[in-house]
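[1] Give the three-dimensional model of this entry:
(chains A and B)
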Amino acid sequence: MKLKLLKISALLSVLLFLFCACNSSNGGVKDGTVENSENYIASVNDVPEFDDEQPFVAIRDNIPEFSESDLTAKSYEFYSELDSLGRCGVVMACIGIDIMPDEERGSIGQVKPSGWHTVKYDIVDGKYLYNRCHLIGYQLTGENANKQNLITGTRYLNMDGMLPFENMVADYVKETENHVVYRVTPIFDGNNLVARGVQLEGYSVEDEGEGICFNVYAYNNQPGILINYANGESKLDDGKPYEEKTESQSSETQGKQTYILNTNSKKFHKSDCRFAIDIKEGNKEVSQKSRESLIADGYSPCKTCNP
Amino acid sequence: MNIIVCLDDKNGMLFNNRRQSSDRLLRERIFEITAGKRLWMNGYSAKQFEDYASGFVADEYFLQKAQKGDFCFVENSDINSFMSKIEKIIVYRWNKTYPSDRKFPAELLDDENKQPNCFEFAGHSHEKITEEIYCL
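    Okay, the predicted model is just below:
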């Protein structure tokens, strides 16, 4: 197996910051707290390149990185707020039988996660390349159309990378009525709208990991398909990655930046601008149009971040 | 000897040195089919049978010690050295996929050796468990 290493620890640092920032206000915590999550340390330094055969790989010797105080036997759920690009962050739960659903899942088609495209390929099981992929599976916490828990994930990630772990945790909890602390961290490259993969961690509390203990990275890839993680575009794998553009294409896309638009005030911002974060969801749009095009469309640049 | 194993849809047995799943009604079924025979297992498996005071023998060398007609419940033991002793394999299918990094040898589960009319039952935490029997 090729071992071209993906360096994603910096991304995790950003996610860690977002997670702690969100958590400090306890936003999104239901039926409990994750008050000690500032101790949370996630680091995935080396992940082997996707090789079409392995939907996930064990990392950190398959030992999750929860702090002692995370390992409570009281059920709770936590979902990070979306970031300024509309992307999901860390989600975490202590799965107990009391929060598992007893109803069939409802419709989630109204949610459009960041980078979403409805696209079909004959080589994909079920045809659709992308699924609205629950970070914490519906069978664990019963979260249906929660946009803070849904990412654009390939069919392969959903069915082969994540579902087996959800099945294992769900059946363990149903059988033992013990609790499992479970955390899913989507990994985004820079301002990409589609995650490169997710880190999944699980640990059974009452038996101190004897039943459930894992720390894995699941790839958001689909065998035979190339994905542009910047915006979710895709194509059949013709051996030419998206990065290898022709000269003319390259000059078009060089310097392309993601802007956050306030459709109400008609201002546009850099994605990390503090004013972008505060825009109401109904007024927020993500755009990769050029600065000039946005101005031509009637938008003016934010005077703080000066995009 | 007769081997008893629990497998997922990809013939997986273990992930990170832990069983993929368990079910109390499956344990009862194992006692039912082994009634009157000797049931062997190792200490790891015996922990999930600790509610049963008797009815099985826990021994780390159970695959060496098992005799013709005995049953061996295998979760994390290597059966490669004992192939010639195996008379029958009883597989309990979870009918779903779990993560696995250790699988049962697929070549032992030849359809030609499979008995017709598999028995199916609902477990405590599993909707459907299928019992398949392979006679070698």
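[2] make it CA atoms for all contacts and neighbour counts henceforth
    Fine.
[3] In chain B, mark out all the strands, start to finish.
    Secondary structure of chain B (DSSP state E): strands located at B:2-7, B:12-15, B:18-19, B:39-41, B:57-58, B:71-73, B:88-93, B:102-103, B:119-121, B:129-135.
[4] and A:Lys303, which of the ones you listed is closest to it?
    A:Lys303 lies closest to strand B:12-15 among the strands of chain B, at 53.9 Å (C-alpha to C-alpha).
[5] can you give me the offset of the closest one from its chain's centre?
    How far strand B:12-15 lies from its chain's middle: 12 Å, per C-alpha atoms, centre = their mean, to the nearest Å.
[6] and if you look at stretch A:128-147?
    11 Å.
[7] Compare the strands of chain B and report which one is nearest to chain A.
    strand B:18-19 (6.6 Å; C-alpha to the nearest C-alpha).
[8] okay if I get the strands of chain B as TSV plus distance to B:Lys65, mean neighbour count and mean pLDDT?
    Putting the strands of chain B into TSV (distance: least, C-alpha to C-alpha, whole Å; neighbours: other C-alpha atoms under 10 Å in any protein chain shown; pLDDT from 0 to 100) gives the following:
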stretch	distance to B:Lys65	mean neighbour count	mean pLDDT
strand B:2-7	13	22	98
strand B:12-15	23	22	98
strand B:18-19	23	21	98
strand B:39-41	9	24	97
strand B:57-58	11	15	95
strand B:71-73	10	25	98
strand B:88-93	17	20	98
strand B:102-103	24	15	97
strand B:119-121	29	13	97
strand B:129-135	21	20	97
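[9] So which residues make contact with the lengthiest helix in chain B?
    Secondary structure of chain B per DSSP state H: the longest helix is helix B:24-33. Defining contact as C-alpha atoms under 8 Å, 6 or more residues apart in numbering or on different chains, one finds that helix B:24-33 is touched by A:Glu175, B:Phe49, B:Gly55, B:Gly123, B:His124, B:Ile129.
[10] Rebuild the strands of chain B as JSON lines, extending it with distance to A:Leu129.
    Output for these, formatted as JSON lines (distance: least, C-alpha to C-alpha, whole Å):
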{"stretch": "strand B:2-7", "distance to A:Leu129": "29"}
{"stretch": "strand B:12-15", "distance to A:Leu129": "26"}
{"stretch": "strand B:18-19", "distance to A:Leu129": "32"}
{"stretch": "strand B:39-41", "distance to A:Leu129": "45"}
{"stretch": "strand B:57-58", "distance to A:Leu129": "49"}
{"stretch": "strand B:71-73", "distance to A:Leu129": "41"}
{"stretch": "strand B:88-93", "distance to A:Leu129": "29"}
{"stretch": "strand B:102-103", "distance to A:Leu129": "29"}
{"stretch": "strand B:119-121", "distance to A:Leu129": "34"}
{"stretch": "strand B:129-135", "distance to A:Leu129": "31"}
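[11] The residue in chain B that chain A sits nearest to - nearest residue in space that isn't next to it in sequence?
    In chain B, the residue that lies nearest chain A is B:Tyr98 (4.1 Å; C-alpha to the nearest C-alpha). In space, B:Tyr98 comes closest to A:Pro164 once its chain neighbours are excluded; the distance is 4.1 Å by C-alpha to C-alpha, 6 or more residues apart in numbering or on different chains.
[12] and that neighbour, how many neighbours?
    Using other C-alpha atoms under 10 Å in any protein chain shown, A:Pro164 has 19 neighbouring residues.
[13] Compute the number of surrounding residues for A:Asp125.
    Neighbours around A:Asp125, by other C-alpha under 10 Å: 12.
[14] contacting residues for it?
    A:Arg155.
[15] Model confidence score at A:Lys284, please.
    Reported pLDDT at A:Lys284 in the predicted model: 82.
[16] phi, psi of it?
    phi -100, psi 140 (degrees, to the nearest 10).
[17] Could I get the contacting residues of the residue lying closest to it once chain neighbours are set aside?
    Nearest residue to A:Lys284, sequence neighbours excluded (C-alpha to C-alpha, 6+ apart): A:Asn262, at 5.1 Å. Residues near A:Asn262 by C-alpha under 8 Å, 6+ apart: A:Phe268, A:Ala276, A:Ile279, A:Asn283, A:Lys284, A:Glu285.
[18] Drop the exposed ones from the residues you listed and show what's left.
    Buried members of these, scored by 16 or more other C-alpha atoms under 10 Å in any protein chain shown, are A:Phe268, A:Ala276, A:Ile279, A:Lys284, A:Glu285.
[19] So which of the residues you listed are in strands?
    Using DSSP E, the buried ones among the contacts of A:Asn262 in strands are A:Phe268, A:Lys284, A:Glu285.
[20] The closest residue to the first one other than its chain neighbours pairs with what?
    Setting aside the residues directly before and after it, A:Phe268 is nearest to A:Leu261 in space (C-alpha to C-alpha, 6+ apart), at 4.4 Å. Residues in a beta bridge with A:Leu261, per DSSP bridges, are A:Phe268, A:Glu285.
[21] what's the burial count for A:Leu261?
    A:Leu261 - counted by other C-alpha under 10 Å - has 25 other residues nearby.
[22] Verify the stated contact: it with A:Ser287.
    Yes: assessed by C-alpha atoms under 8 Å, A:Leu261 is found in contact with A:Ser287 at 7.0 Å.
[23] How much space separates the nearest residue to A:Gly209 once chain neighbours are set aside from A:Leu163?
    Excluding its sequence neighbours, the residue lying closest to A:Gly209 (C-alpha to C-alpha, 6+ apart) is A:Tyr203, at 5.2 Å. With distances taken as C-alpha to C-alpha, to the nearest Å, A:Tyr203 is found 16 Å from A:Leu163.
[24] Give me the secondary structure label for the residue of chain A found nearest chain B.
    Using C-alpha to the nearest C-alpha, A:Pro164 is the residue of chain A that sits closest to chain B, at 4.1 Å. What DSSP: H, G, I helix; E, B strand; the rest coil gives for A:Pro164 is helix.
[25] isn't B:Cys118 right up against B:Thr130?
    Yes: counting by C-alpha under 8 Å, B:Cys118 does reach B:Thr130; the two are 6.7 Å apart.
[26] tell me the contacts of the most centrally placed residue in chain A?
    The residue lying closest to the centre of chain A (C-alpha atoms, centre = their mean) is A:Pro186, at 3.0 Å. A:Pro186 makes contacts with A:Cys88, A:Gly89, A:Val90, A:Leu135, A:Ala195, A:Arg196, A:Gly197, A:Val198, A:Gln199, as judged by C-alpha under 8 Å, 6+ apart.
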